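K.L.:
sharing a sequence plus its predicted fold:
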Amino acid sequence: MTTTRISESVYSDATLRVDRDAKVIRGVKIIGRESLNGREYSDKALDQAAKLYEGADVFIDHDRGDRERSITESPAVLRGVKREKDGVRGDLHYLESHPYTPQLLERAERFPETFGLSHDASGTVGNAKNGRVVVESIESVNSVDIVKKPATNKGLVESKERTVKKTVKQIAEQ
């Protein structure tokens, strides 16, 4: 097995519900079992991820550098995170005062299929199964981000990985 950095996203679906009174978007999918990036998450990895997501800050877009994210970039946190058969879901508790919140809420209510959550995590990957790399464990979560193209969800529920100009060997060596 190899330890590697993993980035995935998911779109939301019909279970999503915006509760403006409580300042919560309920039932967001944080990660799915299978990814558009050719990965499949084991039960163990999903169980570990669910624990790590609880209380995690949610940021706008992926950070493109290796820096600590600013609190001003985070309009929300995840709470009530639960492992389910198809992945991990939770509630996105948002800050009403954050400048991006009005757009986030309107998009969640009107076009939830157009964006989702993506995680940037580290874990171990094992041998391929049915042509997919198996993520055996999630050891840490660097960030959870709101993105346009998630990979393990179909709306405020997953994100497609951007093209990276690295070989598999380079990634494995990291």
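P.N.:
Looks like it came in fine. Numbering: from 1, shown residues only.
K.L.:
pretty sure Gly116 is in contact with Lys29, am I right?
P.N.:
Yes - applying Cβ atoms under 8 Å, one finds Gly116 in contact with Lys29, separated by 7.3 Å. No exception for glycine: its C-beta is placed from N, CA and C like everyone else's.
K.L.:
neighbour count: the two, which is higher?
P.N.:
Between Gly116 and Lys29, counted using other Cβ atoms under 10 Å, Gly116 has the larger neighbour count: 32 against 28.
K.L.:
for Lys23, see how far away His93 is.
P.N.:
6 Å (Cβ to Cβ, to the nearest Å).
K.L.:
who has more neighbours, these two?
P.N.:
Using other Cβ under 10 Å as the criterion, His93 and Lys23 rank with His93 on top: 19 against 15.
K.L.:
which helix or which strand is home to the more buried one?
P.N.:
Per DSSP states H and E, His93 falls inside strand 87-94.
K.L.:
where does this protein have low pLDDT?
P.N.:
Applying pLDDT under 70 to the chain picks out residues 1-2, 4-15, 64-66, 151-174.
K.L.:
longest strand anywhere in it?
P.N.:
In the chain, taking DSSP state E as the definition, the longest strand is strand 132-147.
K.L.:
name the helices or strands packed onto that strand?
P.N.:
Contact partners of strand 132-147 among helices and strands, from 3 or more Cβ pairs under 8 Å, 6 or more residues apart in numbering; DSSP states H and E: strand 2-11, strand 39-41, helix 43-53, strand 57-60, strand 116-129.
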